[in-house]
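> Provided below are the primary sequence and the corresponding predicted coordinates.
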Amino acid sequence: MPKQLFNRWHGLHMVWGGVLLVAMGAWITWVHWKLGIIAFLLIGLLFYYVIAAERKFRNDMQEYVLTLTHRIRKAGNEVIHDLPIGILLYNEDKEIEWNNPYFISMTGEETLVGKNIFDLFPMLAQLKDQNQTVEISYEEDFYRVDIRSEDRLLYFTRTTDYVTLLKKYKEEKLAIGIVLLDNIDEVSQGMDDQARSLMLAKVVSMITEWAARYEIYLRRVSSDRFMLLMNQKTLEKLEATKFDILDEVREMTHDYKLPVTLSLGIGSGSDSFTELGQLAQASLDVALGRGGDQAAVRDGQRLSFYGGKSNAVEKRTRVRARVLSHALRDLMKESANVVIMGHRFADMDAVGAAIGILKAARLMKKEGYIVLEGVNPSIERLMEHIAEQEGLHQRFITPAEALQITNARTLAVVVDTHKASMVPEPKVLQQTNRVFVVDHHRRGEEFINDATLIYMEPYASSACELVTELLQYFQERIELDDFEATVLLAGIVVDTKSFSLRTGARTFEAASFLRRNGADSALVQQLLKESLEEYLEKADIIKHTEIVFGKYAVAVHEGNRSTSQLTAAKTADTLLNMEDVEASFVIYRRADGLIGISARSLGDLNVQVIMEQLGGGGHLTNAATQLEGSAEDARRKLMNMLERIVEEERESE
């Protein structure tokens, strides 16, 4: 197009120039005919010269264009043949029609014509038939493949150097860790200085050897705390071994009255040293909140747990309970009112702990309310007795009513859970900045981080036990009425399975305090009675139980009929009493259509870790989860996890 415009412009100028010269020649001839003849001769010579020059110009231009076209074609061919980019053309049957010479060095074959691209590159078979860019590996190299489906064209660009550099960058990123001897005071209690020093020396020596083995920089910052510096590659090795130092230290000190356990918190995935340090400390807090004897690794948004095979060690000092009790008293004194929440579908432990906190609010002459969303079948008898208690029944309100009475000066107390998503009304926690958490479960990834006070002890049997300890220090002489003491005792009895599981010295001390304050054990048994229908339903579930791997009881309640969470939990407890059973799992259909799994353990198997991997959580010996799908799907997922655990046990033997 530009050439045509140039020719037209050039031709018009020549025509008008010729017309002008002829007009001038005619005028000269009219003035003087001899001069006119001479002028016309000169004009003719000029025309001849211009035409000859124009012809030469056009020939030169044509020769130049032909030469340039040849050079461009030659350069294009050289680019296709010599550039380090592979080009493939294929037909509708995904057979290669043409390839450039780059594939000779890439595949070692002279030509690929006629071969199926999916036979050569199977990883491309899963891709959709559309324009896209993917990363693949071929033999020992990596390539970026640009797919042009409309033209049936593939471009291969080698990215091995980039991938290698990126991998090296990721492997050399810094990770910061903190190691804590989390029960050294309990283990060394009663030891003399020499025995304590020898024990610490053995533990420190083992930790030092472990750090040297994995090329970790270790720095002791206090008697029971160490700082770790490592790269991402080392961290991946530690995760592959599941932090075997936890088992090594525990087994080495097994001969003591209590084995020494470690807790590790590791932060990675950030370029900021400050943020890495904060992530490491936060991870350590999570590991301790879950009972210790485990490692928590925070990599960006991912939080992973390793270990946690032993139960939490009971703290023998009540200093923390006394300090928190006084802090709770001061917080209530400064608050306008108190709103108490357990978890949704509250059980005996949640309601009992809430009534205990309500007692504390009454002692401070503050208006206190318990938020309850529906009545769990397990507490129907309890709620009937509460209805008979003058002034207590009116203190139970709905989530909507709780929102109306909550303001910035409200104290929100959360009992028997530490997850905002599990309370009846999470918005209550957003309307006030005064939150107190009392929980005995192992800490999960979700947590109420902005709580003012936190009393979270995984060693405790129940939330009722923790609330009872708080009440003992709330005032010098505190008196509970008979019903309040009975409900608190009932919560302890339920969660300890009548003092057979997860009980320590402080559990019995709390129960003794409640008995002295009038707790009625006969009423506790009456509150926990089960109906004949429930007993028969438990028997029906037990009938479908099978023992897998010689030590795990798995029961699947078949059919479309739903089962209550309480019945499933009681069935799991019953299965745990059978001979040679170390852990029990009951799979059932819930009223909301989801599939629930109730898990129980004697302590050798951490059912909390198993349930967490299935989206749930709980305690080392008591956990649960809810899944979508069918009961058979849930059973298959559970069996895969149990099989993996058994294989790991065999490999470690």
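Ah, there it is. Numbering: from 1, shown residues only.
> what's the spacing between the spatially most central residue of the chain and A327?
In the chain, the C-alpha nearest the mean C-alpha coordinate belongs to R302, at 4.3 Å (CA atoms, centre = their mean). For R302, the distance to A327 equals 34 Å [CB to CB, to the nearest Å]. (C-beta placed from N, C-alpha, C; glycine too.)
> what do you get for L288?
Distance from L288 to A327, by CB to CB: 19 Å.
> about what we covered before: got a list of what the residue nearest to the centre of the chain touches?
The neighbours of R302, taking CB atoms under 8 Å, 6 or more residues apart in numbering as the test, are G269.
> hey, what's it bridged with?
Judged by DSSP bridges, the bridge partners of R302 are D299.
> sorry, back to before: so which of L288 and A327 has more stuff around it?
With neighbours defined as other CB atoms under 10 Å, L288 and A327 compare such that L288 has more, 20 against 15.
> count of neighbours near the closest residue to I245 other than its chain neighbours?
Nearest non-adjacent residue to I245, counting by CB to CB, 6 or more residues apart in numbering: W210, 4.5 Å away. By the measure other CB under 10 Å, the count of residues near W210 is 19.
> quick check: buried residues in stretch 561-573?
Neighbour-count burial for stretch 561-573 flags 563-573 (criterion: 16 or more other CB atoms under 10 Å).
> also stretch 641-653?
642, 645.
> and that stretch, how far from the chain's centre?
Between the centre of stretch 641-653 and the centre of its host chain there is 24 Å, according to CA atoms, centre = their mean, to the nearest Å.
> what does it rub up against?
Contacts of stretch 641-653 (CB under 8 Å, 6+ apart): 548-549, 552, 605, 610, 613-614.
> okay, and which of these map to helices?
Members of the contacts of stretch 641-653 lying in helices (criterion: DSSP state H): 610, 613.
> okay if I get the contacts of stretch 641-653 as CSV plus distance to N231?
Shown next, in CSV, are the contacts of stretch 641-653 (distance: CB to CB, whole Å):
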residue, distance to N231
V548, 41
F549, 38
Y552, 39
L605, 34
I610, 31
Q613, 27
L614, 32
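> buried subset of the contacts of stretch 641-653 as a PyMOL selection?
Buried residues within those, by 16+ other CB under 10 Å, are selected in PyMOL with:
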select buried, resi 552+605+610+614
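> closest one of the contacts of stretch 641-653 to G177?
Using CB to CB, Q613 comes nearest to G177 of the contacts of stretch 641-653, at 23.0 Å.
> who's in contact with that closest one?
Shown in contact with Q613 (CB under 8 Å, 6+ apart): M641.
> please report how far it lies from I645.
Relative to I645, Q613 is positioned 11 Å away (CB to CB).
> same deal with N622?
Going from N622 to I645 by CB to CB gives 18 Å.
> same deal with F243?
F243 is 17 Å from I645, by CB to CB.
> now swap in R600 and tell me
As judged by CB to CB, R600 and I645 stand 16 Å apart.
> ditto for A212
Using CB to CB, A212 is found at 30 Å from I645.
> I'd assumed L200 was in contact with S223.
Yes. Between S223 and L200 there is a contact under CB atoms under 8 Å: 7.5 Å.
> which of these two has more neighbours?
Between S223 and L200, counting by other CB under 10 Å, L200 is the more crowded of the two (17 against 9).
> list the contacts for M106?
86, 138, 141, 156.
> ok, M383 - contacts?
Listed by CB under 8 Å, 6+ apart, the contact set of M383 reads V375.
> actually L120, not the one I wrote
For L120, the contact set (CB under 8 Å, 6+ apart) comprises 107, 112.
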